[in-house]
Every structure is written in structure tokens, then in C-alpha cells.
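[1] 3D model of this:
(2 chains)
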Number of protein chains: 2
Amino acid sequence: MSDYRAPLSDMRFVMDKLAGFAELSSQVPAFAEATPDMADAILDEAAKFTEQVLAPLNAVGDKEGCQLTEHGVTTPTGWKAAYQNFCDAGWNGITGPADFEGHGQPDTLGVAVREMVASANLSFSLCPMLTFGAVQALITCASDELKATYLARMVTGEWTGTMNLTEPQAGSDLALIRSRAEPQPDGSYRVFGQKIFITYGDHDLTDNIVHLVLARLPDAPPGVRGISLFLVPKFLVNDDGSLGERNDAQCVSIEHKLGIHASPTCVLAFGDNGGAVGYLLGEANRGLEYMFVMMNEARLGVGLQGVALGERAYQLALAYARERKQGRDAVTGDALVTLDKHPDIRRMLMLMKSRVEASRALAYVAAGMLDRAHAHPDPETRKHNLMLAEFMIPLVKGGATEMSIDVTSLGIQVHGGMGFIEETGAAQHWRDARITTIYEGTTGIQANDLIFRKLMRDGGATAHAVFAQISETAEALRSSPRPDLQAIGNRLQQALNDWTEATAWVLARIKEDTAGVLSAAVPYLHLAASVCGGWQLGRAAQIAAHMLAQDTGDTRFLRAKIATAHFYADHVLSQAIGLKHSVCAGGDALAGLSADMLDV
Amino acid sequence: MSDYRAPLSDMRFVMDKLAGFAELSSQVPAFAEATPDMADAILDEAAKFTEQVLAPLNAVGDKEGCQLTEHGVTTPTGWKAAYQNFCDAGWNGITGPADFEGHGQPDTLGVAVREMVASANLSFSLCPMLTFGAVQALITCASDELKATYLARMVTGEWTGTMNLTEPQAGSDLALIRSRAEPQPDGSYRVFGQKIFITYGDHDLTDNIVHLVLARLPDAPPGVRGISLFLVPKFLVNDDGSLGERNDAQCVSIEHKLGIHASPTCVLAFGDNGGAVGYLLGEANRGLEYMFVMMNEARLGVGLQGVALGERAYQLALAYARERKQGRDAVTGDALVTLDKHPDIRRMLMLMKSRVEASRALAYVAAGMLDRAHAHPDPETRKHNLMLAEFMIPLVKGGATEMSIDVTSLGIQVHGGMGFIEETGAAQHWRDARITTIYEGTTGIQANDLIFRKLMRDGGATAHAVFAQISETAEALRSSPRPDLQAIGNRLQQALNDWTEATAWVLARIKEDTAGVLSAAVPYLHLAASVCGGWQLGRAAQIAAHMLAQDTGDTRFLRAKIATAHFYADHVLSQAIGLKHSVCAGGDALAGLSADMLDV
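    Residues are numbered from 1 along each chain as shown, chains lettered A, B, ... in the order given. The predicted structure follows:
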């Protein structure tokens, strides 16, 4: 199996040239110390750590998985030491608040580090990712006292965090949550209920775990407006900060899953023995609202997982294709050439590479928007960037995760029969990828968010602002003297026209034909994501051509960037018109279909 | 987990209305006894057997897998009894030659039975499938003596067969085969070499296994023209038909695979202890030619596996969507409706259903062509049908298997988080499907076969004959008074135009720009397969509308057939134009790409 190598050249190019990292440190005082030089040093260190420490444990984790013992969940061989190293090196708190022992780095850098961690070892990466989400929730709504007790220890990774939303009857629909919390005279609560699909709900990496739990108070209104958020530690914490009693929160089983075997997915029982001690976070009945605060980051994080898995699968497939000799060169007739000489293999490799790079660019650009939305000194800039980021996030989450299923599948295909053998490693990436379109909101939910919130809330104004920027990029490409840039520009303009037309169709029908628009939502998301990915690759090609003309930068890398954008334009942007047809067909064919007609 | 139910209504409709089963028994004397009534009875029995005996063992097989012990490979609990039942009931020889204890049924019926077996239990189905291939090879090239010894016992399933092609250095490229055979004074041979990826290369289902092995004679020319085919039994057979000595052919390991866990994939060592006794089949150096004789059936068989897995995944997803309550009805506002009421879930279910039915129709129609090619009394009809069948088979193999990966993935998606839990069963279908685009020739190899043999050999004449038929169907649909049929007809005509244009592009460049055409081959295959699938669904819709107008047949089924064709037209045929763009982009973006530009 090939080792993972962090794609530093592309990461730096995207951060610097597309996501505006340097401007961020000069324009945003909060990030004044995040200079490109410092970022370079951090990226180098992150590459070393993920390549050398985390990547080798990926296959081990897949094979061993986690076990539920009488002492709780145990992680695979080597996991605990790696986690300790990870925290000691400060990776857990890279973007965490400086007031609580974090490093306060911008997300635009954080996404690169998170991508590396997820590429090296997706199962491992889920633990800090969940902790990161819990940290954000505490920053948003915890009392100073709770912050003082918990926050720094979670930022450093000394303790980890979990998110307890799902219950057996309440998956995508949180209105159905039944867990309950009873107020106690001392101001604390007793929490009761069963939660499922709890990532890292129990483990042996740290000596405490901080569960954030959605539950209802006795007098809460029904539905989503009656859900509150509670902090329920695995071990209670004494006033001096030492660990106290074991709380009544137990892992009762772990799931046997298709992938991410080393990430324990737990069923947690709260209060089976009298009630789990919990503390209300923020105000009563606002739990879901607090959850939504971290939704952007969480969904961006899962989108990054898609990028990460695609990248790792690409590297593995490329290494195999370069080594394995099979067949004759179709053009030269040379006998016994390596697989990468065959045009169809090269097509697959380029499809992998171009889709991964398009998704990476869009994800990092979205992170740059989030950084500006959170920390830019100008309120208008903050607001504008928040609108843009929120528009992009369902595209990143939905687009990059669906991409990762396709790309990791191509990774298997490049290997031929060897891809089907587990020891090769290609299959694990595909299995791991399969969860990414499901958790943190399925692709269907991302598509609904895109249309019914992000598109509808301003009548398409943000969308049209994006269209204008894309059109500018397309125009610049089309006026280039280079035929390859012209080709990219033409495809981008055509695809943008298709997206614009589909958007008009959606906006025109959204109120009168909700069912039709809902059935067009996922194709619409794919259309939007592919055009935005092509937009970023188009920008990259334009910049690369400029740098080549100026004779700056790495020629090989820059020429590859243009060829990659060209390939994407020919093979992905070219599909936009078909997606437009799907969108605009709406629910026509479903309209006459009664439920019993689905029968076999 | 939902049980499998054989989709008898659709199978019968496709056989009768699309593949011309009734005409077959009236026009082809060899199939005179294969009347529709008899076929009905056989289908009913096959449904019962596969639903009750084979389907329940599918999950067991996935969980337990096979084991290599010191006595050879053992199959999972219940496997041996099921295999015995399968043979006793005569299923193994359903299309086998009547002279050798087969039932001599046409392939058009055989495919329906084979689909059911593969739906119920793909791992199980591989054993009779491989035996079926070996039987065809023996019919083609074995001496009367070898036939007398082996054939009937393989047709009944008393003994099974294997195909030994691949070696560690020789996968898709059989020119690289190194196994060798040394002639002995008694006219037999001693075979030496190692073969990998041998399906059911060893097992405990029967007391003998007949290996067909590709190897080189001492004086053989290099490359594919120097490969001969040998029969190497696991146990030698005495003159009286009783089993003799154990032969020198050993299973030395079995693979740990992503899917089809219960189908043992073996490394076989021939001749490690002095030489495996083998018998030359047919003439020396014609081994590959004999293998090609059974290629059509084998590839059709793997295409059917794609149909089978898609069908099973659809049934499982539909059952879950009908049972699981989650979320509000987007139109009526009703709280807590089942998943199948949500438009995006319905879109996914319809995408699954329509793609499975399109693939089934095309596969059965191809089987009908093969039956006529083999057994029609008129030589011209035989020849014409052989050309058509050979044109369709890469579309069935490549199209239906790629479909099965997408459709089984949708099956997981419909389940949400539950789809990622192995006990649900949806994941197994996806894992099992992943091998189908690889074995019996990867999708890339199917695409090359389509373009460089099937299209090129008659300068596109067969393709144009198919275009003319599709155009006729589209025209009939467009002239229907029903708007839904018109919509289907319009999409079909447009997609046909795209395919026609792409074909002209390919034929114009095939000689001067081989690399460009090769890199367009897989998109071309997808384009062709999707149009041919839409053609069959279009025919189905037309017939269904006619039957509804005549008030014959099952109204619910016929209306569903039209809605399904309409959905496919809107969501699959509509993508043809994008695929045409991909094809006609050819290798443009690859042309300037040097190998080092693929680097990370």
C-alpha cells in the first residue's frame, strides 16, 4: 500500500491564490499573526505528523476496529499513543480560541490541517472533529463557570466531546426527540434517554468525555422549539478540577458498520440508574438553535472528509497505475507498459484528480469566507461573506461527499481485481466514504437547505452575486490567447447558463410546486456544486497561465493545473446541461405515480 | 431485513412483450417445448426456490465467509444442503444440453432464472455460473471421451467447474500467461503454474471439481496465440467413472475481499508436487479462442448480476421507506409520514426502479437475440441476431454492472444512517456489486470491445441498424395522443441523436486518434447503454399504453411501466447530451498532459 503524502503544493496554491490567505492576515486583525510564513511552517509540520503518525494507523484501525468491553470501548492498537502525540503537538486546538489554550489560527489554514488528518486517518479525525464542534457550542452558550471547567481541556484535547442528537425514532427529524431532563434543587438536571449513532460516545483515549445532549424539559413545548442542550460529563468534575464520580451515562453497544471501523459509533444510555447529572447550556428550549451555530463548521468539516478521502484514493490509485505493467500501448504499440499509459486509466485518474481539486478549492474558499464572516473588522464584509459561505456550505458538504464515493470507486476500478482485495487498501476508502453523504445531514437535506433556505431567503440575490463572479471568470478565460483557457471558459459559461436557467425554474415554482422542486433538489445541488468547482478550477487555470507567462512558480505544477481544469471542463462541466434537464423535469414523471405503483 | 421477492410481473412482461419469448418457441424447433405455459410454471418454481432457500442464506454467507482448512475450503452454514437442493431440483441444468441431462431451455428463460438466483444470493450464484461456462467450453472443444466422462455430471451440478485464466502478472492481459503443460507418453499432460482469482477454485459442495486451465505447451508461440486449454480435475476419474487419486492441484490461499464473502476466491497451485494431470481440450494453441466462445454468455451473466443486485437493493430500500416514519409531508403538511412520501426519497426509489428495469429489459432482449443466433432455423436470422447480440453484450455487461454500483448506493442512501450498519443488509449489496464492473472484463475492456470490435468491424452497420429501430420506437411514441408517451419519445429521439453524433465522431477518429477514442470509450459505452435501456423502456411504455387502451393486463403494473419509462427519460436519457460532450471532447485535455503532471 502506498503511503499518504500531504498535497502541499495544491493546498498552498488554493490557500494563497484562491482563498486569499495572505490578505486575511493583513486585513483581519484577529489573524495578524497568521502570516504565510507561519502557515507554511504549520503545514510542513502537519504533513509530517499526519504522514508518519496517523496514516500508518489507518489500515490497523480498519482491521481491528473498536471493542466494547466491561470497562468501556477500547480503540485499536497504537491509537491512544497517537492521540496523545496529536494533542501534545497542539493539533487539537489549532483553530481553538486563544483564551482557552487554542492557537487561534484561521479556518483557511485549519481546513488544510483537517484535510490532512482526515486523509491520513478518517476514523481518527472524527474524534477531534466532534470535540471541535462541542467546543464551538460551549463558546456559544456555556456559562463562564462551565467554560472555566471544561473549555480549555477540550481545546487541548485532554478531554473529548460528543454530540447527542439522534434517537431511534428521531434521525433527520429532530422534532421527534424524547430524551428528557428533570431540574434538580441545586440547579443541575437529571437527564434520561437513549441516544444512537454517537461518534466516539465512549473510548479509552482520554479520562473524561463531555457529552452534549439534546433533551426536553418537563414543561417544554412539543416539536423542535422544546429542545434544550445539556452538558453531561462521563465523570463529574470536582471543584478543584479533579475527576469525581462516574456519571450515569453508559455505552450499551457499538455498531457493526460498513466503514470507519475505528471510530466507535455508540448507543448511549443516560439515566438508566437514577439519572445522569447534566447542566443546561444557554437558555431553555434553544438547543437546536445552538446546534445550528456549529452546523456551518460541521458541514464544512464533512465536506473536507470527502476531499480527504478522494485525495488519498487518488494517490493510492496513481501509485498502483505507475507500477503495474499490463497490456500494450495503444498508440506506440510498446508491449507491457504501466497502467498509467492507457488512455482509459488516465481518464479515470484525471477524473479523480480534477474532482478532488475542484472540491478542495471550493471548500477552502468557503473557509476563507467563514473567516471573514467571523472576524473581519467591517460589518458589511462580515455579512456579505456569511451569506456567501452559507450558500457554499451545502455545495461543499453535498458535492464533495458525493464526489468522494465516485472517486474512491474509481480508485478501486484503477486497481482492477486487486482493488476488490481488502489488503490493497482501496476498498477501505470507498467504504469509509459511504457515511459522508449521510451524517451531518444527508445529501437530500443539503439540497433542501440550499433551495429552501439559502436560495429562497433572499430571492436568489446571493446566487446571482455568485453568477456574476463566475461570469467574470468565464469571460476572462474566453478572452485568453490560449486555446485551452478558451475551451475552459466556454464550458464554464455554458454550464453557468444551465445553472442560471435551472435557478430561474426553481425560483418560479418553489411556492406552487413544492413537491416538484423537492424532487429536483438533489440534481440542482449537483449542478450548482459542479459549476462552482469548475469556477474555482477556472480561476486556478487563469492564475496558473499568468504565472507561467511571468515565469514564476513551479512550471510542472502550473501546467498540470491548467490541464486539470481543462479535463474537468470537458468531463464534468459538460454534464451541467443534462443536470439542468433533470432539474427542469421536476416531478413530472412522479406526478402520476401512486405509492402502490412502486411495488415489485 | 426484507425478504427477496422475485419480480415475476416484470420478468414475464419483458420476456413476452420485449424479448419475444412466445415467438421463440413457435419459430425455433429446438425450443418447441418451451411454451409460455411451461415457462410460467418454471418461473413460479424458481421464485419459490430462490426466495425460500437461497435468499435467507445471503446474509449468513456474507457474515461467515469461507474458510481454508487443511481439508480444503469450507462454505458457510447451510450452503451444502442448499446446493444439493439446487441440483436436485434441476436448476443447474436449466439451459444445459438435453443430450447431457440438461433441460435445454432457451436463454430467454434462463436469464430470468439466473437473475433470481443472483438476486437471492450472488455468492451462491457464482458456482453454477462458473460451471455453466465450463460446460459450454466442453461442448465446444472437448473430445467425445472427455464429454462422456465429465459433461453430464457438470450439467447436473454433481461436479462443478472453474475457469483458470488469471496469473499474478497476467490479469486483463492474457498474453502474459506463464503456466505450462508438458505432454506425457499416454497423451495426457502435466500442468504447472499458479492461478489467482479462481472463483470456487475449491469448496466442499461437491466431491469433485473440474478446472479448465489456460497454459502453454513447450513449443508454443509467444503471446495469446500460444495458449492452450486443459481440463484438470481435482480428483482423477477412473474408467468406471468412480473417483481416483487426488490430483496435484491445490488451493493455497483464499482472498479477503470487499464483498461476495461466501464465494471463495482461490489461489490455485498446479504441479507443485510433480505435475497436475491434465487433458488438452480441442486443438493446441487455440485456448483463448475457446474461451471467447463462452464470453458472450459469461458477460451477459455478469450483466444479469448487476440487474439482480439492483433489484434486491430496490426491494430492501422500498420496504424500509414504506415503514420508517420521519418528517413532515412537504405538500399536505401532515406530520410524521413514511419516507416514501418525501419527493427526494421517491426520486431515489424511481431512479433505482427505472434503471434496474431498463437494464433487465436490455439483458433479456440480448438473451433473446442469442437464442435466435444459436438456434434459429434461418441462417440469415442467426447471423443478424448474432451481430445484434454481440453489439448489445458489452452494453449489458458494462451498463448493468455500473448501474448496480449506483443503485445499491442509492439503496444505502434511502436508509440514511441505518444503511451504514451492516445488519441492515443494504451495505452488502453495494459491496457485492463492486466486483461486477471488474471481473469478466472491466468496464474499460467492455468499452474497447464495443468500439474496437463491435462498432469498427462493420463500419457501424450494426449500430445504424439499431439506431433505425430506436428511431422507429421514438417516432411511434411521439405520435401517441398521450403527453407522457410524447415526452418519452422526445427524450428518446434527442438521446438517439446524441448517440448518433458521438458514433460519427468515434468512427471518424478511430484510426488517426486511437488514444483520443480510447479515452472516450467508457463515456461512449454509458451513452449507448443508457439510450438502449431507454429504447426498451420506451417500447414497454408503448405496449403498456396499448394494453391499457385495450383494457387488458394489470392496470397498476401497466401504468407503473409508463411512469417508470417517463422517469427514466427525464432523469437518465436527459444526461445523454452531457455524455456526448464527454465523448467528443476525446483526449483534448489529456494531450498536453505528461505523466509527471499527475503527481501530487
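[2] what residues does the stretch 201-350 of chain A have near chain B?
    A:255-259, A:311, A:314-315, A:318, A:322, A:325-328, A:330-331, A:336, A:340-347, A:349-350 (CB under 8 Å from any CB of the partner chain). Heads up, the C-betas are built off the backbone N, CA and C, glycines and all.
[3] what secondary structure does A:Leu212 sit in?
    Under DSSP: H, G, I helix; E, B strand; the rest coil, A:Leu212 falls in the strand class.
[4] check whether it really touches A:Ala134, as I assumed.
    Yes. Between A:Leu212 and A:Ala134 a contact is recorded at 5.3 Å, counting by CB atoms under 8 Å.
[5] what residues does the stretch 451-600 of chain A put near chain B?
    Neighbours of chain B within the stretch 451-600 of chain A, by CB under 8 Å from any CB: A:484, A:487, A:514-516, A:518-519, A:521-523, A:556, A:559-560, A:563, A:566-567, A:569-571, A:574-579, A:581-582, A:585, A:587-590, A:592-593, A:595-600.
[6] which residue packs closest to A:Ile562, ignoring adjacent ones?
    Leaving aside its chain neighbours, A:Ile562 sits nearest to A:Ala541 (4.7 Å; criterion: CB to CB, 6 or more residues apart in numbering or on different chains).
[7] so which strand or helix has A:Val506?
    Assessed by DSSP states H and E, A:Val506 sits inside helix A:483-509.
[8] got the buried residues for that helix?
    Residues of helix A:483-509 classed as buried: A:484-485, A:487-489, A:491-503, A:505-507, A:509 (neighbour count, 16 or more other CB atoms under 10 Å in any protein chain shown).
[9] how far does the one helix or strand A:Lys383 maps to sit from its chain's centre?
    Here A:Lys383 sits within helix A:379-415, counting by DSSP H and E. Mean-position distance between helix A:379-415 and its chain equals 7 Å (CA atoms, centre = their mean, to the nearest Å).
[10] what does stretch A:262-270 give?
    In terms of CA atoms, centre = their mean, the centre of stretch A:262-270 is found 21 Å from the chain centre.
[11] dump that stretch to PDB, restricted to CA.
    Extracted C-alpha coordinates of stretch A:262-270, given in PDB (Å, rounded to 0.1, in the frame of the first residue of the first chain):
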ATOM      1  CA  ALA A 262     -12.000   2.500  14.200                       C
ATOM      2  CA  SER A 263     -14.500   5.300  15.100                       C
ATOM      3  CA  PRO A 264     -16.800   3.800  17.700                       C
ATOM      4  CA  THR A 265     -20.400   4.500  17.000                       C
ATOM      5  CA  CYS A 266     -22.200   4.200  20.300                       C
ATOM      6  CA  VAL A 267     -25.600   3.700  21.700                       C
ATOM      7  CA  LEU A 268     -25.500   5.800  24.900                       C
ATOM      8  CA  ALA A 269     -28.000   5.200  27.800                       C
ATOM      9  CA  PHE A 270     -28.500   8.300  30.000                       C
END
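[12] contact partners of the lowest-mean-pLDDT helix or strand in chain A?
    Within chain A, confidence by mean pLDDT, DSSP states H and E is lowest for helix A:588-591 among all helices and strands, at a mean of 88. Residues from elsewhere that reach helix A:588-591, judged by CB atoms under 8 Å, 6 or more residues apart in numbering or on different chains: A:515-516, A:519, B:343, B:346-347, B:350, B:484, B:487, B:563, B:566-567, B:569-571.
[13] pretty sure A:Met350 is touching A:His566, no?
    No. Between A:Met350 and A:His566 there is no contact under CB under 8 Å: 9.5 Å.
[14] okay, those two: which has more neighbours?
    Comparing A:Met350 with A:His566 by other CB atoms under 10 Å in any protein chain shown, the one with more neighbours is A:His566, at 29 against 24.
[15] circling back to that earlier point, mind listing what's buried in the least confident helix or strand of chain A?
    Within helix A:588-591, the residues scored as buried using 16+ other CB under 10 Å are A:588-590.
[16] now tabulate those residues in CSV and tack on distance to B:Glu472.
    Output for these, formatted as CSV (distance: CB to CB, whole Å):
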residue, distance to B:Glu472
A:Asp588, 25
A:Ala589, 23
A:Leu590, 28
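[17] go through those residues and name the one nearest chain B.
    Among these, A:Ala589 lies closest to chain B (CB to the nearest CB), at 3.8 Å.
[18] circling back: now the element after the helix holding A:Val506, going C-ward?
    That would be, after helix A:483-509 and using DSSP H and E, helix A:514-550.
[19] tell me the confidence at A:Ser228?
    The score at A:Ser228 is 98. That number is its pLDDT.
[20] then the one 3 residues further on?
    As predicted, A:Leu231 sits at a pLDDT of 98.
[21] if we can go back for a sec, from A:Leu492, how far off is the residue nearest to A:Ile562?
    As judged by CB to CB, to the nearest Å, A:Ala541 and A:Leu492 stand 10 Å apart.
[22] try A:Pro221
    49 Å.
[23] please apply the same query to A:Pro128.
    Going from A:Pro128 to A:Leu492 by CB to CB gives 36 Å.
[24] A:Leu122 and A:Val307 touch, don't they?
    No. Counting by CB under 8 Å, A:Leu122 stays clear of A:Val307, with 11.4 Å between them.
[25] who's in contact with A:Lys353?
    A:Lys353 touches A:314, A:564, A:567, B:598, counting by CB under 8 Å, 6+ apart.
[26] in what helix or strand does it lie?
    A:Lys353 belongs to helix A:343-375, assigned by DSSP H and E.
[27] quick one: average confidence on that helix?
    For helix A:343-375, mean pLDDT is 97.
[28] stretch A:183-193 too?
    For stretch A:183-193, the mean per-residue pLDDT is 98.
[29] buried residues, it. List them.
    If you call a residue buried by 16+ other CB under 10 Å, then stretch A:183-193 has these buried ones: A:188-193.
[30] alpha carbons only: can I get it in PDB?
    In PDB, the C-alpha atoms belonging to stretch A:183-193 read as follows (Å, rounded to 0.1, in the frame of the first residue of the first chain):
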ATOM      1  CA  PRO A 183     -34.400  20.100  37.100                       C
ATOM      2  CA  GLN A 184     -32.800  19.500  40.500                       C
ATOM      3  CA  PRO A 185     -32.800  21.800  43.500                       C
ATOM      4  CA  ASP A 186     -29.100  22.600  43.100                       C
ATOM      5  CA  GLY A 187     -29.600  24.000  39.600                       C
ATOM      6  CA  SER A 188     -28.400  20.900  37.800                       C
ATOM      7  CA  TYR A 189     -30.500  18.400  35.900                       C
ATOM      8  CA  ARG A 190     -31.000  14.700  35.700                       C
ATOM      9  CA  VAL A 191     -31.000  13.500  32.100                       C
ATOM     10  CA  PHE A 192     -32.800  10.400  30.800                       C
ATOM     11  CA  GLY A 193     -33.000   8.800  27.400                       C
END
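[31] show residues contacting it.
    Residues contacting stretch A:183-193 (CB under 8 Å, 6+ apart): A:167, A:178-182, A:213, A:215, A:217-218, A:230, A:232, A:249, A:270-271, A:274-280.
[32] sitting in helices, which of those do you find?
    Members of these lying in helices (criterion: DSSP state H): none.
[33] got a ChimeraX select line for the buried ones in those?
    To isolate the buried ones among the contacts of stretch A:183-193 in ChimeraX, judged by 16+ other CB under 10 Å, type:
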select /A:167,179,180,181,213,215,217,230,232,249,270,271,275,276,277,278,279,280
